[in-house]
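[1] show me the folded form of this:
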Amino acid sequence: MQRIGIIGAGAWGTALALAARRAGRDAVLWAYESEVVAAINKEHVNPMYLPGIGLDPEIRATGDLADAAQADAVLLCAPAQHLRGLCRSLAPSWAAGTPAVICAKGIETHTGALLTEVVAETLPGAIPAVLSGPTFAIEVARNLPSAVTLAAADPAVAEALAAALGTPRLRIYTATDLVGVEIGGAVKNVLAIACGIVGGRQLGDNAKAALITRGLAEIVRLGLAKGAQMATLMGLAGIGDLTLTCNAMQSRNYSLGVALGRGEKLADILAGRRSVAEGVSTAASVVELAVRLGVDMPICAAVDAVLNRNADLDETIAGLLSRPFRPESMHPFT
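    As a prediction, this is how the structure comes out:
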């Protein structure tokens, strides 16, 4: 796995291109915007999505999907809701047996499909894998120590990908539980918005700790109902990612929640941002999937109500706090 294609030159895709180069791989980075391609190739920077970071001159940017797809492994770093369209465009040039490493975190709207399910439908010749964990792109780009989980059904594929991308400062742990890695990464974004609202409303650290803990219970319930393994949800891709994203203004989802908690309107928040907060679109998908599987997820349902159903924020918070007392449990159906 010498040549690594990266689809999506946002902050995370660009950071992973840097990581691939540090691991000694050839990195070909696809960007939608021609100005991003030019800046990376000519000036070795990506000021639009990763300002202040110098890039390895050997990273090559391209606007041609087929060019980036001609690789030993391809990292899919575009936002979750764009994945299906991109995979359809990639399909004619995809070599059968090439790993498709999903690096986005979300659940597809309208279908409720996990991103591995999207890849299976649109790139049937690909070997699905998932890379997720507690990482901010800027810290990976700066080569600060980080750890992630990389899951593939075949342990040998996961190990080969980890060997191709891992370095002492990007520790990659392998797994075979793709569903667990996906569920952890998708649902934590919704919960991060909830934690941000707690911060913006100045409800206190006790409330945030309670929300993170009960939010983890929701991740576990949905994950187990979907076939995930408890160990995955208690690892980097589950509780690890949750605690990072729910406690830092670097998190796009947490900071969006803070703005909501302070009384700003969602449309105004989104209009002022270039980057995508995946939890906004994922909230409804998580709730729809939970209903389909018979799983109770009151915190995620509350976030969905505020984001997508014009629910009053204070009334929604009061409704959560008024729920009946119950035994503490992480059983999938309680």
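
[2] could you chop this protein up by domain?
    According to automatic domain parsing, the chain comprises the domains 3-176, 179-321.

[3] and those domains as a markdown table, adding distance to residue 329, mean neighbour count and mean pLDDT?
    Backbone N, C-alpha and C define where each C-beta goes, glycine included. Shown next, in a markdown table, are the domains of the chain (distance: least, Cβ to Cβ, whole Å; neighbours: other Cβ atoms under 10 Å; pLDDT from 0 to 100):
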| stretch | distance to residue 329 | mean neighbour count | mean pLDDT |
| --- | --- | --- | --- |
| domain 3-176 | 24 | 20 | 97 |
| domain 179-321 | 7 | 20 | 95 |
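
[4] reformat those domains into CSV and put distance to residue 327 next to each item.
    Listed next are those as CSV, based on distance: least, Cβ to Cβ, whole Å:
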stretch, distance to residue 327
domain 3-176, 28
domain 179-321, 11
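
[5] pretty sure residue 236 contacts residue 131?
    No - the pair residue 236 / residue 131 is not scored as a contact, 10.7 Å apart, by Cβ atoms under 8 Å.

[6] need the overlap of contacts for those two.
    Common contacts of residue 236 and residue 131 (Cβ atoms under 8 Å, 6 or more residues apart in numbering): 148, 149.

[7] next, the most centrally placed residue in the chain: phi, psi?
    The structure's the chain has its C-alpha centroid closest to residue 105; by Cα atoms, centre = their mean the separation is 2.3 Å. Phi and psi for residue 105, reported as degrees, to the nearest 10, are phi -130, psi 110.

[8] my read: it touches residue 181, true?
    No - with contacts counted by Cβ under 8 Å, residue 105 stays clear of residue 181, the gap being 9.5 Å.

[9] quickly list what's touching both of these two.
    residue 132.

[10] run through the strands of the stretch 101-250 of the chain in chain order.
    With DSSP state E, counting those that start in this stretch, the ranges of strands along the stretch 101-250 of the chain come out as 127-132, 146-152, 170-175.

[11] pull the contacting residues for the nearest residue to residue 114 once chain neighbours are set aside.
    Once flanking residues are discounted, residue 114 sits nearest to residue 182: 5.0 Å by Cβ to Cβ, 6 or more residues apart in numbering. Counting by Cβ under 8 Å, 6+ apart, residue 182 touches 102, 105, 107, 114, 115, 116, 130, 132.

[12] then residue 153?
    Applying Cβ under 8 Å, 6+ apart, the residues near residue 153 are 127, 128, 176, 178.

[13] now tabulate these in a markdown table and tack on distance to residue 286.
    Below are the contacts of residue 153 laid out as a markdown table (distance: Cβ to Cβ, whole Å):
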| residue | distance to residue 286 |
| --- | --- |
| 127 | 26 |
| 128 | 20 |
| 176 | 23 |
| 178 | 17 |
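
[14] which of the residues you listed sit farthest apart?
    Using Cβ to Cβ, the pair of the contacts of residue 153 lying farthest apart is 127 and 176, separated by 12.6 Å.

[15] mutual contacts of the two, please.
    By Cβ under 8 Å, 6+ apart, the residues touching both residue 127 and residue 176 are 152, 153, 154.

[16] bridged to the first one, which residues?
    By that I understand residue 152. For residue 152, the beta-bridge partners are residue 129 (DSSP bridges).

[17] pull up the gap between it and residue 120, please.
    Plainly put, residue 152 is 13 Å away from residue 120 if you go by Cβ to Cβ, to the nearest Å.

[18] pull up the overlap in contacts between the two.
    Joint contacts of residue 152 and residue 120 (Cβ under 8 Å, 6+ apart) are residue 128.

[19] can I assume residue 303 is in contact with residue 196?
    No - counting by Cβ under 8 Å, residue 303 does not reach residue 196; the two are 9.9 Å apart.

[20] ranges for the helices of the stretch 201-334 of the chain?
    Remark: helices assigned in the stretch 201-334 of the chain by DSSP state H, counting those that start in this stretch are 205-226, 230-233, 241-245, 252-261, 266-271, 278-293, 298-308, 313-321.

[21] so for residue 13, which of those helices sits nearest?
    Smallest distance to residue 13 across the helices of the stretch 201-334 of the chain (Cβ to Cβ): 14.0 Å, for helix 278-293.

[22] starting at the chain centroid, how far to that closest one?
    On the basis of Cα atoms, centre = their mean, to the nearest Å, helix 278-293 sits 14 Å off its chain's mean C-alpha point.

[23] just checking, what packs against it?
    helix 178-200, helix 205-226, helix 252-261, helix 298-308 (3 or more Cβ pairs under 8 Å, 6 or more residues apart in numbering; DSSP states H and E).
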